[in-house]
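# how does the following fold in three dimensions:
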Amino acid sequence: MPESFMTVSLIVLVGIVMFVFPLMTMADRADDVSQLTVETATTDFADEIRSTGKITPEEYNSFVQTINSTGNLYDVEIQVMVLDENPGKKTVQVEREKIGENVYYSVYTSQILDVIAPETGTPKPYKLKEGDRISVKVKNTSQTLAQQLKNFFYTVIGNDTYTIAAQSAGIVSTTGN
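Residues are numbered from 1 along each chain as shown. Have a look, this model is predicted:
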């Protein structure tokens, strides 16, 4: 009787080693590929915005489609810090100088989506000007297979954490037309 229990235990242990750990390794590799895809797409999207000075509905939809092609769901946050130049001028003989500092105010994802993907009306590009700052952040909201397996075996990762994330930011180099 004790020998049969040991045999069954050994078979279960071998099954875990032969099937579960390779599955976990492959799931981790799939997360690595998803991470690389999301990082590349986020950087390309932010660079396109910086170089053209606008966020078009086509670019945004293409970006979302690219990151969703990894099979996960993502939360995309876009923040534009709009340069609000101080219009105050001081006249000193012939020379004119600005008084004060330039100030930025923030525009967030929902406000940008109201312009590029309105519920009613036609979509328009969101135009920026030279000197504005753009920041794009992406993180997954669905659990990947690797997260589920780690939760099952290790209980390391909580339900509200993410493993795939990317961020890109920069200063707009041209005014969008």
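# quick check: the gap between residue 13 and residue 76.
43 Å (CB to CB, to the nearest Å). For the C-beta atoms, the positions are set from N, CA and C on the backbone; glycine is no exception.
# neighbour count winner among the two?
Between residue 13 and residue 76, counted using other CB atoms under 10 Å, residue 76 has the larger neighbour count: 17 against 10.
# any idea which element that one lies in?
Residue 76 belongs to strand 74-84 when elements are defined using DSSP states H and E.
# what strands line up against that strand, and which way round?
Counting by DSSP bridges, the strands paired with strand 74-84 are strand 103-108 (antiparallel), strand 133-140 (antiparallel).
# ok, longest helix in this protein?
helix 21-52 (DSSP state H).
# what sits against the residue sitting nearest the centre point of the chain?
Closest residue to the average C-alpha location of the chain: residue 138 at 1.6 Å, with CA atoms, centre = their mean. When contacts are counted by CB atoms under 8 Å, 6 or more residues apart in numbering, residue 138 touches 38, 42, 67, 74, 75, 76, 77, 165, 166, 167.
# model confidence at the residue lying closest to the fifth one once chain neighbours are set aside, what's the number?
Among residues not flanking residue 75 along the chain, residue 141 sits closest, at 5.1 Å (CB to CB, 6 or more residues apart in numbering). The per-residue pLDDT reported for residue 141 equals 89.
# likewise residue 166?
Confidence for residue 166, expressed as pLDDT, is 94.
# same check on residue 126?
At residue 126, the pLDDT value in this model is 93.
# number the chain from 10, please
Okay, residue one is now 10; in that scheme the one you just asked about reads as residue 135.
# for it, which non-adjacent residue is spatially closest?
Spatial nearest neighbour of residue 135, excluding adjacent residues (CB to CB, 6+ apart): residue 64 at 4.3 Å.
# so how far is residue 41 from the residue nearest to residue 84?
On the measure of CB to CB, residue 150 and residue 41 end up 19 Å apart.
# go on, residue 174?
13 Å.
# low-confidence ranges in the chain?
In the predicted model, the chain carries pLDDT under 70 at residues 10, 95-110, 164-171.
# do that again at 50, thanks
Per-residue confidence of the chain (counting by pLDDT under 50) places the weak regions at 100-104.
# next, the angle strand 83-93 makes with the helix or strand hosting residue 121.
Under the criterion DSSP H and E, the helix or strand holding residue 121 is helix 118-125. Helix 118-125 and strand 83-93 meet at an angle of 80 degrees, taking axes from the mean of the first three to the mean of the last three CA atoms, to 10 degrees as the criterion.
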